[in-house]
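**Q** turn this into a model:
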Amino acid sequence: MDKNSYVKFETPESVEKKLLDLVENSFRSGKIKKGTNEVIKSIERGESKIVVIAEDVSPPEVVYYLPTLCDDRKVPYAYVKKKSDLGAKVGIGSAASISVVDYGKSEEIYKQIISELSEVKK
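**A** Numbers count the residues shown, from 1 in each chain. Alright, predicted model coming up:
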């Protein structure tokens, strides 16, 4: 199974940068869930505002079903290239996936990301 099996679209670099900023800001002032099990629970409970998934997760089965679950629950999601970049924003070595539960003071960035993602996924 390769990474393309769960990466459904290419996240533009400009959006990826905003995503990482949103994750970092949410980690500081709002709430995030890290770790695939916590992310799944937050999606199923309807708490997720957006889910961020790393593209270099090994084995890919760890996050394989997240995009489908997000689509089923109408939760926006996007990808970042490296799990190490994602982890660095939340104070850990690497993160396969993160759910932003509360974006704190970052509502503007959140709205920009959602708007840009809707263009990408068309």
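
**Q** so the residue most central in space within the chain versus residue 99, what's the distance?
**A** Centroid-nearest residue in the chain, with CA atoms, centre = their mean: residue 52, separated by 0.7 Å. Distance check for residue 52 against residue 99: by CB to CB, to the nearest Å, it reads 8 Å. (C-beta placed from N, C-alpha, C; glycine too.)

**Q** so what sits against both of those two?
**A** Counting by CB atoms under 8 Å, 6 or more residues apart in numbering, residue 52 and residue 99 have no contacts in common.

**Q** quick one, helices of the protein?
**A** With helices called from DSSP state H, the chain shows them at 13-29, 36-44, 66-72, 83-89, 107-120.

**Q** contacting residues for the residue nearest to the centre of the chain?
**A** If you count contacts by CB under 8 Å, 6+ apart, then residue 52 has 19, 23, 77, 78, 79, 80, 86, 97, 98, 99, 100 around it.

**Q** and which of those is nearest to residue 113?
**A** Among the contacts of residue 52, residue 19 lies closest to residue 113 (CB to CB), at 6.0 Å.

**Q** can I assume residue 26 is in contact with residue 107?
**A** No - checked against CB atoms under 8 Å, the pair residue 26 and residue 107 is beyond contact range at 10.7 Å.

**Q** neighbour-wise, which of those two wins?
**A** Neighbours were counted for residue 26 and for residue 107 using other CB atoms under 10 Å; residue 26 has more, 27 against 12.

**Q** any idea how far that one lies from residue 116?
**A** Distance, residue 26 to residue 116, by CB to CB: 17 Å.

**Q** check residue 20 too.
**A** From residue 20 across to residue 116, the span is 14 Å (CB to CB).

**Q** ok, residue 11 next?
**A** 9 Å.

**Q** check residue 96 too.
**A** Residue 96 sits at a distance of 23 Å from residue 116 (criterion: CB to CB).
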